[in-house]
Structure formats: structure tokens, C-alpha cells
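Novice: predicted model follows, preceded by the sequence.
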Amino acid sequence: MSILTLFIIIPVLTIIGILLSKSHMQVKWVAVVGMSLQLLSAIGLILLYLAERRAGNMAEVLFVQDNVWYETLNIHFYLGVDGVSVAMIGLTALVVFAGIFASWDIVDLPREFFTSLILLAAGVFGFFISLDLFTMFLFYELAVIPMYLLIGIWGSGPRHYSAMKLTLMLMGGSAFILLGIIGIYFNSAPGGGQLTFDLIKISKQNIPLDAQLFLFPFLFVGFGVLGAMFPFHTWSPDGHASAPTAVSMLHAGVLMKLGGYGCYRVAVFLLPEAAHQLGWIFLILATIGVIYGALGAVWQKDLKYINAYSSVSHCALVLFAILMFNQTAMNGAIMQMISHGIMTALFFALIGMIYGRTHTRFINEMGGLMKVMPFLGVAYVIAGLASLGLPGFSGFVAEMTIFVGAFQNADTFHRVATIIAASSIVVTAVYVLRVVGILLLGKIKNEHFETITDARWYDKMSVVALIFGITLIGMAPLWLSDMITGGLGPIMHKLLAAAPGLN
Amino acid sequence: MIDFSYTVWILLIPLVMFVVVGLFGNRFKPLVSGLAGTAGLFVMWILSLVTAYKYFFVLEKAADGSFQKFLAFNMRWLNLTDTLHIDMGVLLDPISIMMLIVITTVSFMVHVYSIGYMDGEKGFMRFFATLSLFSFSMLGLVVATNIFQMYIFWELVGVSSYLLIGFYYTKDSAVSASKKAFIVTRFADLGFLIGILMLSFSTGTFDFLTLTGANSPAFSSGTGIMFLGLSSMTWSMIFIFMGGAGKSAMFPLHIWLPDAMEGPTPVSALIHAATMVVAGVYLVARLFPIYIFAAPVALDVVMYVGAFSSIFAAVIACTQFDIKRVLAYSTMSQIGMMMFALGVSGYGGHEGLGYMASMFHLFTHAFFKSLLFLGAGAIIHAVHSNVMNEMGGLRKYLPITHATFLIACIAIAGIPPLSGFFSKDEILAAGHERSLMLYWVEMIVSGLTAFYMFRLYFSIFWGKETHYHHMPHEGSKWMTVPLMLLSIGAMLAGFIPFSMFVSSDRIPFHSGLEMSIAIPAVLVGLIGIAIATVFYRKETTLPDRIYNALGGFSNAAFHKFYIDEVYLFITKKIIFNYVSRPIAWFDRHIVDGSMNGMAYVTNEVSDRIKRFQSGQLQQYALVFVSGVVLLTLLFTYLMTN
Amino acid sequence: MFEGVPLTWFLITGTIMFFVGIYGFLVRKNLITILMSTELILNSVNINFVAFNKILYPDHLEGMFFSIFIIAVAAAEASMAIAIIINIYRRLVNIDVEKMNEMKY
């Protein structure tokens, strides 16, 4: 049994523990212990992975575990990781850990809340470690479904509408994905032989071009919906606005990454020729998304909406980078996913904490909060600076890698797209500083805010963990970038084979 | 070879200070964090002086007699492509060492001064933590080994400037000024970034040693025509200059600098007079070989922008009443002159006079301008106002400030033997060799400079007697001692034989005074001073009459030629109202509307369909029976045919 | 006894009974009447079974058996239905079929 199984077993045990616990306090502590263990094993996994690589183990995927699950259709329970998935697991573990602390104040049905939350986390972990398309899809659905309950029951505002909208749009996306996966399955053995869902085996085959051209849009759009690709992003603002804090964190921080990761791992990896031929359409959409999300955020007045649009912009940058089809940009895409994951989780955590104190999310009704809650204020400024890509935080590393990578495509189309996308950094600065200025600085507008208290210990836990994440990557990105680059070999190989002349 | 790797500590000390003071500062008394920051800066100052001494006097020169340019420290920070990687390190050459000295000296003085100036302010500890962050970023910028490291620290100085301008964060004007400074420079940095991308794509490297070395790939690649008749190398250098113009407040990206005066005055002295704002000049100087050999058109752009900014700002400075704003426009004007000097420069030996002059002026300007700002700080501290109309006759109350301020004014006016004279003379000499027209423009600028500086001086220290609520008095020793030290610098810095240390090809050369340039320049300066004396020595109505006589022009200058309004119009009216709001609307109603529309149609259809399920058993049976009957008839019909 | 009666007559009787049953089933509102209508439909089928058996296969008895079977089932069904109707009546004090739409959509 490989270490990867732990990432399924720990959440399951935690859920059992939560169901057996007697008091609210016990529920929370079981969740904390479980997710701390998960975080530790994620760190352990990163270290083990680096050690294996340093020891010269150059296998495409490590820590493989392969069990037959349903023989008739050749479905396997097939786990394994490369540099990219290890990085994503690290991100997920960190965000979930912080999410548990951020939902310390949950009063209604904490047992059910934490169960759904951890179920969601389990789905995400499962998605990242699976190498079998079918298992991958299964975990994907497992991650999406609890969302409905989490928003519908514990949400705020028009929560039923938002939950319905979010779930339906994501389900629409997964219908596309299912179609794509089945299509790949039936083309998985073009030379005859047994059909398979095995990602690695399929990647060694060349799926016929007409099948690729048919399937690629389904898969890319399907995953793109979850990755908030323009124009399928509208679930994101409403969903985030209604979701409880930890759910927003997990959703924007991790779940949306499933989309980008899926585009990378399934759509582009398995269908490289179609990606080359059709990529330009999605590149245009992604570029629009980058600038559109940023400009959309400038006008919003609700903190969560601002952040949701900013996520649209940042996630579009992920797709943008993937569609540049070169190693540097791909590396940037993965780093951007990780960076945005931590950063946006931090944002949503802080917004939740601010909302819990002021009972409003409208920036016009707030002002001068820095005075009454310096800790949260400073943390918000840090999150904002990270979001606008300040060096020293992870966002800068990721964005610069993307832009340098994207610029290696020498034709005018890619150049113009790159420059448009790069100009979003200015717009980002505008809306981030606008919010910081109105929300935190200036004079206190409402005298009720005079009595607000600053962060408590569990708030600090969550915030500090996430800030540590962004600064660690921002200050010392080399190990992460090299780890990811190590995992990009196979996909670059396939892309090169599909279109020689790229680098 | 002497080991210079200790220079990395010049960077690390302020970083450590920032983290320690930032995280734990509130556990101590405020004074402790101030003293800690100052002590750290003192160590860095000593280290920089030692480095300069060792570099210029001990280290042997390269074979061709030039000062060596080498990496004292280097480590890999991030791998991008096969050839491109970002390193972090310390590059030593004459200009980086000169900047080290400028930054640590001014920063040290400002630290000491701030202990007195900021005494009793809330956020004393925050102030010193951010100052340390600024020192770290600024030093990292000047010792950058590659253009990407420079960009990284470039952004970091931007954010430290943002934090320091917005230091009084409960004041709305400070908040919006800090926001403006950050966004404008950020916009310029976008140009810088695009320039870096283009440069690195065509040359395959970020490294300064390679880029500006003798066989630089920049000289051979990217020369093809790309857009509007200019080569891609030219475009990339223009874009990079855009970044420099943003940081150095060149027209039309200067609008943030006057507003940045909302920050505490020591910050204005350090960041917005002596160090950060000259980063753009330093950037152009750093890439000078590329500008001169591969992108001469871009260098012309530098020249024209510099010249225009210098006269533009000098005119505005004559009309302002806020003393810090006068100084801000003066800074912009002086930096314009530095840019101009770089723009007219050639390469190597006496050809590179402009380059040397620009660096020389940067050096002397740092002393007298920070002295002016610190003096202004002392005045504001004493009278609690920024506006010169509310001052007058202060020479009796603030003797030390008066004396040092006068020294700085003479220095900036270019009157021998103070420092400004020497450097300005070199700039004018370099300009004279290149373009006679621009030479006269700069001549007018130096006359205007003398005029507005002495206008400022007389309005503050002479003129009408004002009744003050409190008796103005000098600040503590913390404040007066740095003033005196800096005034020594402002007096003597000009006597350094600068061309022996800094030159475009790093080979020392001799440059003497040219009397044909120096005499007219001094005369122009004296005329400026004389006019100011007539106008402002005693209270008269003469200035008002002249102001009114010029009518529209002076009014436009007073309103800074309405550049702010133009920007405001573009951002608020056009981008905010005509781009962002429609996008938000489009998103809600069209994009989201189509999604909601799909849901609505589905819902409607299902609503129609569900009406079949009436719950009436007999209705179901009727449908069933009619179905059976119809089918039977159909089959019968089919069978019979 | 029925020697002279042709099959058609039986079939006509059966069909009339069947459609009378259908008509009653569709139109009457009272559950008891609807139940009676179903009995009519069942019995019309019985008549057909018996008639076909007698005339087409006189030496076989399957048709008879089937109709007896139907009678038994119908009896069981009637008792069940009446039980349900009584329960409905107890609950709603009404056995009008149109009022019974609690479970629609």
C-alpha cells in the first residue's frame, strides 16, 4: 500500500470520528487533528518525493498503487503522483487545514458541516492522486456534490439560488467531462487490444485526430467551467458570495484548481494535437477572462464579489498559461494555481472574519478598520499585495513565469495576448488598492465598529498558515518550480510530438 | 582579488531589521525600534564606505584600466526557461557603489532625523520597519545582477513607497496619494515588464554582465524592424524607459510625485528626493551600453523626455505655494536634467561626459535635495503648516535650519563653489556638445531653479512677519545634527573628482570646468536669485501683478497644466464608467443572463410538462384509453394496407 | 342451450359491457361506481373468454379456468379497493375521485 492511500484513509477516519463525537468541541478537534495529520502527510509526501527524485528515481509517476476495481470495463483504482500532483496535494492540505480553523465559529449542525467539508476535501485529494480517468471523475463528483449542501444549508444571502446555480453549472461541466472521458476510453486502444481508463497508458497512445478534435472541446469546456473560464464563470461570484467562509476558501482555493488541473492533465495531455489546433479559441477566451475578470472586479462593492471576479481573472491566467504549450508557461500555470489557491483562501478567510465582525460585506459601509483590527488589516493588505503580484509573495513568481513563458511564443497573436494579459496586473493593483483604501484606511465610518475585536487564536492559526504558504513560495520558489518542471516532462514530450518546432 | 562577498550583508541587515521590528517591534519601547534601525543603517553605511574604499583604491583595475565589474555574490532564485533564470546577487561596479554610498548616507541621516521628527507619533515602530524594508529594496535594486532582480526590487521599493506615503492612513488625502503613486508607477512597471520580456526574448539572458558586456547579444539581435519603423530592441528599450520614467516621475507619468508629499517629510527626503526617484536614471545608466549601441532612438526619447520634464516641472514649481510641492517639482526638474544628460551622452572617455554628469548630479542632488526636504520638515515641524503664505521671517526662530536651507538653495541654484554648480556645469557642457537648443532649454531651467528656490527661501525665512500661535523653535538634536552633516555634504560633494571614478566605460578620465559654459550658467543662476530677491525679499505686490499679467499661462501652471484632471478624466470617467461598469452590467445581464435564461427555459418547460400530472386518475385513464384506441386504429389501418 | 347463438352476439355483448365500463370509469366521480365499472370491464373479458372457449375449443377448459381466475382476482381486488375507499372516506369524508389529488406533481 502506498503512502497515497493515506490521503483517502485519513479523511474517511476523520469523518467517522466526527460522526462518533459527542459535543461540538469534540467535532472540531477531531477535524483539526485529522486535517493536521493530512497536512503532515502532505509535507511528508513532498519530502519523500524530493528524496526519491534526488535518489535518481526517474519514473514518470511515483508511489504507484494499482488495484483492479471493476474488471469488465477495466476500471482500476490507480494512484500515483508526479511533481505537479504533489504540489497540488500540498496546496489542498494547507487550504483545508486553514479552512477548518476558519470555520471554528460554525454553530448550526457542526457535525454535518465538518463531515461535508472533509468529504469535499477527500474528493479533491482523490482527484489529484488518481491516474485512472474513471476514478478521477468519481472523485471529481465527490468533490462537487457536498458543495450543494454546504452552500444550501450553511450559506447566506440567496443561498438556494446560488447553490442551485453553482451545482447545475458544474454538473453541466461534468456531463461534458463524462462524455469526453468515455470518448477517450473508446479510443484508448486504436491499435486494438483492451480499452482502458489508465491515464498513463492512454498517454502512450495516439488517439486518432478526428476523435481528438471532437473530444477536446468537451473536455476543455467541461473542466473550464470549474476553472471559471469566461463565459462560464458566473456561478463563481454568486456561489462564493453565498457560501460560508471555509467553503469559499476550499472552493476558490482548491476546487477551482480541479478545473485547471483537469485541462492540463486530461484535455491537453491526452489530446495534444487537438489542443494545438483548437487552442487558439480557448486562448482568446482565457485572455478575455483575464482582463474581463479584473475589470469586472473594479466595479463591485461586495467584498466577496470583488474576490470572486479577481479569481476569475487569476484562474483565466492559469488556462492562458496552459494554452501557451511550453514548459515555462505550464510551470507558471501550476504555480499560479498553487499561488492563487493559497492567496484566495486567505482572502476569503479574511473576508469571512471581517464579515463576522462588521456584519456587512459592502465596502461602502466600512472604513478605517485598520485601527480596530490591526492583525486582520495587515493580513488583508498582505493578501492584497500578494494578489497584485508583489515580489516576495507567490503571485509574482507565478505570474512572471507565465509571462516569460508566454512571451517565448514569437508570433504576433501570442504576443498580443500576452501583453493584454500582462496589463491585468495594473487593473489588479487598482481594485486591490481601492478596497484596501476604502475598507481599512481612512476614518472609522460607523461607531459600532469601534468595539470590534481583533483576530482570535483560531483566526490567527488560519491566517498565519496561509501567509506562511505564500511567503515561502514567494521567497524561495526554486524548489517548487524545479519540482513542477520535473513533472512536466511527459506532457511537453507529447506536445512536441504533436507540433514540432515548439519549445 | 579581494573578497567582496560580505556586501550581501548590506542587503540582509535591513531585511532582518524589517522582520524583527515589524513582528516584534511593539514589544519594546518605540525608541528602541528607532535606535535599532538606525544602528543597523550605521553598520551598513560603514560597510558601504569600506566597500567603496576597497573597490576604488585597493582593488586592481582591469587590463584596459577600467574599474572591474563583477558579481560579489550570486545565487539562483528561479529557473524560467533553459537559458533564462532569475538570480539574486550583488553586482559591484562604480555606479552601484556610488548608489550604495548615496543610499546608506541619506538613509542614515534620515533615520537619525526621524527619531526626532517622528517622536510621539503613533506607529513609530511601523515607520522604522517600513524604512528598513525600503532600504533593503532600494539597495537590492542598485546591486541587482540582472534585470529581473532589478524588477523585483523595483516593485518592492514601489510598495515601500506606497506604505510610507500612506503612513498617516486615517487621512484620506494620504490614502489616495499612496494609491495614486502605486498605481501610476505600476502602470509604468507594466512597460518595464514588457520591455524585459522583449529584451530577454531577443537576447536570451537577464544578466547585466552579459547584456552590457563587450559582446552583448543585445547588439546583434533584435535589430530587425518590428513596428512603426523601429527595431524590437528599440521598442524594448523604450518600454524599459517607461518603467524608469514612472519611478523617476518623468512627464507624463509624474503626477504621483507631488501628491506623494502627503507622506511624512523624512520619507519625502529619502524616497522622493534622493533615492527611489532616481532609480529610473540609474536604470538607464545601468543599461546604457544597450541604449547607445543598439537603441539610439530610445536614447533620444530619454533625452527629449528628460529635457521637457525639467522645464515643465520648473515652470510649475514657480507657481506652487505648498513648500513640499515646490520641492517635489524641483526634484522632478532635476531628475529631468539627469535624464537629459544621459540622453545626450556618448560612450567612452570624454564622449561619455553626459553619463558622468548625470551620475554626478544624481550624487550631489541627493545631498542638497534631502537637505532641503529635511529642512522643510524642520520648518513644518515648527509651524505646523506646509503653505508658504503662512510663513515668513522664520530666520530668527530657526537659525540652524535657516543656515542649512540657504546652503542647499545655493547648491541647487548652481552657484560656485557648492556642489550643484559642478554637476550642473557638466550637464550643460554635455548638452552643449549635442544640441544647442536643448542646451538653452536647460539653461533656462537652471535660471528658473535659482528663481523658485530663492522664492521659497525668501518666503519662508524673510518676507512679512507672521504671528504664530506657538513660538516656532528648532527641533531636537536628532533633527539638527543630520541637517548640519548633510549641509557639509552639499557643500563639499562637488569637489570630488567624479570622472575619476564614474564614467560610461568605467575608465577614469579628466574633465575640467569649461569657463565658456560655467560663466553663463552662474550668471543665469544669479539673475534668477536676483529676481527672486526683488520679488520676495520684502512683501510686494509685484509677483501677483506678474502672475496676473501672464494670465492663462500662469493659471495653467498653477493647476499643473491640468495633467491631473486629464488622468482623472481618463480613469474615472472613461475606464471606470465606460469600461468597468458596462462590463459589470454585461456580466450580470448578458453572460449570467444567458445562463439564467437556460435555467429559466428548462424550468418553464418542466412547468408545462408537469401539468400533465394532474392527479386525476380518470384523466390518466382517458389518455390511456384514447392511446390504445388510436394505436388499434393505426395498426388496423396498417394491417389492412 | 346456446346452440343457436352466434359468437358475434357474445362479442357484441362483451364489447358493449366493456365500453360501458370504460365510460363509467372515465366519467363517474364516485369511487364505488368506478370500482363497479372496473368489475364491468373484467366481466366483459370473462364473457369473451368463456364464449371463445365454448365455441372455438369446446374440448378445452382453459378459457373457463381463466375466467374463474379473474373472478377470484376481481373479488380480492374489490375487497382491497373497498378497504382503501373506506379508509379514504374516513380520512377525507369524501370519495369523490377528483378531490384525490394530494400527490400530484
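Specialist: Yes, it's here.
Novice: how about residue 88, nearest residue that isn't a chain neighbour?
Specialist: Chain wasn't specified; assuming chain A. Among residues not flanking residue A:88 along the chain, residue A:128 sits closest, at 4.8 Å (CB to CB, 6 or more residues apart in numbering or on different chains). For every residue, glycine as well, the C-beta is placed using N, CA and C.
Novice: oops, chain C please
Specialist: Excluding its sequence neighbours, the residue lying closest to residue C:88 (CB to CB, 6+ apart) is residue C:95, at 6.0 Å.
Novice: repeat for residue A:95
Specialist: residue A:253 (4.1 Å).
Novice: OK, contacts around that neighbour?
Specialist: Residue A:253 is in contact with A:91, A:95, A:99, A:340-342, A:344-345, A:348, counting by CB atoms under 8 Å, 6 or more residues apart in numbering or on different chains.
Novice: which residues of the stretch 101-250 of chain A lie near chain B?
Specialist: A:164-165, A:168-169, A:230-235, A:238 (CB under 8 Å from any CB of the partner chain).
Novice: now, which of the residues you listed sits nearest chain C?
Specialist: residue A:164 (18.5 Å; CB to the nearest CB).
Novice: return the distance of the helix or strand hosting the closest one from the chain's centre.
Specialist: Element membership for residue A:164 (DSSP states H and E) is helix A:159-186. Centroid displacement of helix A:159-186 relative to its chain, using CA atoms, centre = their mean, to the nearest Å, is 17 Å.
Novice: how about stretch B:552-568?
Specialist: 22 Å.
Novice: what does stretch A:401-414 give?
Specialist: Stretch A:401-414 sits 24 Å away from the centroid of its parent chain (CA atoms, centre = their mean).
Novice: now swap in stretch B:210-226 and tell me
Specialist: Relative to the centre of its chain, stretch B:210-226 is centred 27 Å away, using CA atoms, centre = their mean.
Novice: quick one: residues in contact with that stretch.
Specialist: Outside stretch B:210-226, the residues that touch it by CB under 8 Å, 6+ apart are B:147, B:198-199, B:202-205, B:231-233, B:235-236, B:286-290, B:293-294.
Novice: let's see that with 10 Å instead.
Specialist: Outside stretch B:210-226, the residues within contact range by CB atoms under 10 Å, 6 or more residues apart in numbering or on different chains are A:412, B:69, B:93, B:146-147, B:198-205, B:207-209, B:231-237, B:286-291, B:293-295.
Novice: what packs against the longest helix anywhere in chain C?
Specialist: Longest helix in chain C by number of residues (criterion: DSSP state H): helix C:62-92. For helix C:62-92, the packing partners by 3 or more CB pairs under 10 Å, 6 or more residues apart in numbering or on different chains; DSSP states H and E come out as helix C:31-56.
Novice: what sits against the closest residue to residue B:336 other than its chain neighbours?
Specialist: Distances taken as CB to CB, 6+ apart put residue B:310 closest to residue B:336, at 3.0 Å, once the chain neighbours are dropped. For residue B:310, the contact set (CB under 10 Å, 6+ apart) comprises B:250-251, B:332-340, B:427, B:438, B:441-442, B:444-446, B:448-449.
Novice: what kind of secondary structure is residue B:310 in?
Specialist: Classification of residue B:310 by DSSP: H, G, I helix; E, B strand; the rest coil places it in helix.
Novice: next one: it relative to chain A, how far apart?
Specialist: Distance of residue B:310 to chain A, computed by CB to the nearest CB, to the nearest Å: 27 Å.
Novice: picking up where we left off before, out of the contacts of residue A:253, what pair is the most spread apart?
Specialist: Taking every pair in those and measuring CB to CB, the maximum separation is 15.7 Å, between A:99 and A:340.
Novice: tell me which helix or strand in chain B has the weakest average pLDDT.
Specialist: The helix or strand of chain B with the lowest confidence, counting by mean pLDDT, DSSP states H and E, is strand B:225-227 at a mean of 67.
Novice: next SSE downstream of that one?
Specialist: For strand B:225-227, the succeeding helix or strand toward the C-terminus, using DSSP H and E, is strand B:230-231.
Novice: and that following strand, which strands flank it?
Specialist: strand B:225-227 (antiparallel) (DSSP bridges).
Novice: separation between residue B:98 and chain A?
Specialist: Per CB to the nearest CB, residue B:98 is found 25 Å from chain A.
Novice: that residue contacts residue B:364, correct?
Specialist: No - using CB atoms under 10 Å, residue B:98 is not in contact with residue B:364, being 11.3 Å away.
Novice: overlap in contacts, these two.
Specialist: With CB under 10 Å, 6+ apart as the test, residue B:98 and residue B:364 both reach B:496, B:498.
Novice: what average pLDDT does stretch B:191-202 get?
Specialist: Computed over stretch B:191-202, the mean pLDDT rounds to 88.
Novice: my error: substitute stretch B:379-390 in the last question.
Specialist: Across stretch B:379-390, pLDDT averages out at 80.
Novice: distance from that stretch to the middle of the chain?
Specialist: 26 Å.
Novice: list the buried residues in it.
Specialist: Residues of stretch B:379-390 classed as buried: B:379-383, B:386, B:388 (neighbour count, 16 or more other CB atoms under 10 Å in any protein chain shown).
Novice: of all pairs in the residues you listed, which one is the farthest apart?
Specialist: The span of those, defined through CB to CB, is set by B:381 and B:388 at 15.4 Å.
Novice: tell me the contacts of residue B:91?
Specialist: So residue B:91 contacts B:7, B:69-74, B:142-146, B:149-150, B:207-209, B:286 (CB under 10 Å, 6+ apart).
Novice: do that again at 6 Å, thanks
Specialist: B:71, B:143, B:145 (CB atoms under 6 Å, 6 or more residues apart in numbering or on different chains).
Novice: what does residue A:254 give?
Specialist: Neighbour list for residue A:254: A:92, A:95, A:124, A:341 [criterion: CB under 6 Å, 6+ apart].
Novice: in a markdown table: the residues you listed, plus secondary structure.
Specialist: Converted to a markdown table, the contacts of residue A:254 look like this (three-state DSSP):
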| residue | secondary structure |
| --- | --- |
| A:92 | helix |
| A:95 | helix |
| A:124 | helix |
| A:341 | helix |
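Novice: hmm, back to that, and the residue nearest to residue B:336, what's its pLDDT?
Specialist: As predicted, residue B:310 sits at a pLDDT of 90.
Novice: quick one: it from residue B:443, how far?
Specialist: Look at residue B:310 and residue B:443: by CB to CB, to the nearest Å, they are 11 Å apart.
Novice: returning to that earlier point: for the buried residues of stretch B:379-390, which one is nearest residue B:597?
Specialist: Nearest to residue B:597 among the buried residues of stretch B:379-390: residue B:386, at 57.6 Å, using CB to CB.
Novice: give me the nearest residue to that closest one, chain neighbours excluded.
Specialist: In space, and not counting its chain neighbours, residue B:386 is closest to residue B:322: 4.8 Å by CB to CB, 6+ apart.
Novice: please apply the same query to residue A:499.
Specialist: Closest residue in space to residue A:499, ignoring its immediate chain neighbours: residue A:276 at 4.7 Å, by CB to CB, 6+ apart.
Novice: kindly report the same for residue A:485.
Specialist: Nearest non-adjacent residue to residue A:485 (CB to CB, 6+ apart): residue A:331, at 5.4 Å.
Novice: what number of residues lie near the one you found?
Specialist: The local packing of residue A:331 (other CB atoms under 10 Å in any protein chain shown) involves 30 other residues.
Novice: now find how far off-centre the helix or strand where it lies is within its chain.
Specialist: Assigned by DSSP H and E, residue A:331 belongs to helix A:327-358. The chain centre lies 8 Å from the centre of helix A:327-358; the measure is CA atoms, centre = their mean.
Novice: for that helix, which positions count as buried?
Specialist: Buried residues in helix A:327-358, counted by 16+ other CB under 10 Å: A:327-354, A:357-358.
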